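# What follows is a predicted structure for the sequence shown.
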Amino acid sequence: QLQLVQSGGGLVQPGGSLRLSCAASGFSLDLYAIGWFRQAPGKEREAVSCVSSSLGVTNYADSVKGRFTISRDNAKNTVYLQMNSLKPEDTAVYYCAASPLLSRLCPGQDAHDADFWGPGAQVTVSS
């Protein structure tokens, strides 16, 4: 079965760190750009970050720039989102997504689409 499998997430205090992982099952990630999205209760889905398939080009939403880092390990067929200096407003369900087109996954685009979506992981930042 072709799918994205997520791990990580949880409850963390403000200022803390978490790392989310997104692994491909049944296909190779190295031909896909990967994006991370989040959706908080009552809010629209927001593109957080993206990384290209081969050159490692990255992009971040202004709200997370300098705090979040996206990276990929094609040998492990996995993409990561390292989240530091977390704030209560980062609380959301986080989703990874894979597409052959980087532009469909990055912050600042009018529309987003993907071939594969992860199931989501809850991140809660609270004291």
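Yep, it's here. Keep in mind that this is a model prediction, so the values were computed, not measured.

# Any idea what residue 58 is bridged to?
Residue 58 has these beta-bridge partners by DSSP bridges: residue 51.

# and if you look at residue 95?
Going by DSSP bridges, residue 95 forms beta bridges with residue 37.

# I'd say it and residue 117 touch.
Yes - with contact defined as Cβ atoms under 8 Å, residue 95 reaches residue 117; the gap is 5.9 Å. No exception for glycine: its C-beta is placed from N, CA and C like everyone else's.

# The two: which has the busier surroundings?
Neighbour tally, residue 95 and residue 117, criterion other Cβ atoms under 10 Å: the higher count belongs to residue 95, 22 against 17.

# Who are the contact partners of that one?
6, 36-39, 45, 117-121 (Cβ atoms under 8 Å, 6 or more residues apart in numbering).

# and the two most separated of those?
Farthest pair in the contacts of residue 95 (Cβ to Cβ) is 6 and 45. Separation: 15.3 Å.

# Which stretches in the protein count as strands?
3-7, 10-12, 18-25, 33-39, 46-51, 58-60, 68-73, 78-83, 92-99, 116-117, 121-125 (DSSP state E).

# Please work out which of those strands is packed deepest.
strand 33-39 (a mean of 25; mean count of other Cβ atoms under 10 Å).

# mind listing what residue 60 touches?
Contacts for residue 60 (Cβ under 8 Å, 6+ apart) come out as 48-49, 68, 70, 107.

# Just name the closest of these to residue 11, please.
Checking the contacts of residue 60 against residue 11 with Cβ to Cβ, the nearest one is residue 68 at 17.8 Å.

# Setting the sequence-adjacent residues aside, check what's closest to that closest one.
Sequence neighbours aside, residue 83 is the residue nearest to residue 68 in space, at 5.1 Å (criterion: Cβ to Cβ, 6 or more residues apart in numbering).

# what are the bridge partners for the one you found, then?
residue 18, residue 68.

# my read: it touches residue 10, true?
No - taking contacts as Cβ under 8 Å, residue 83 lies outside contact range of residue 10: 11.1 Å.

# Now for the two: what residues contact both?
18, 123.

# correct me, but residue 26 touches residue 5?
No - counting by Cβ under 8 Å, residue 26 stays clear of residue 5, with 9.9 Å between them.
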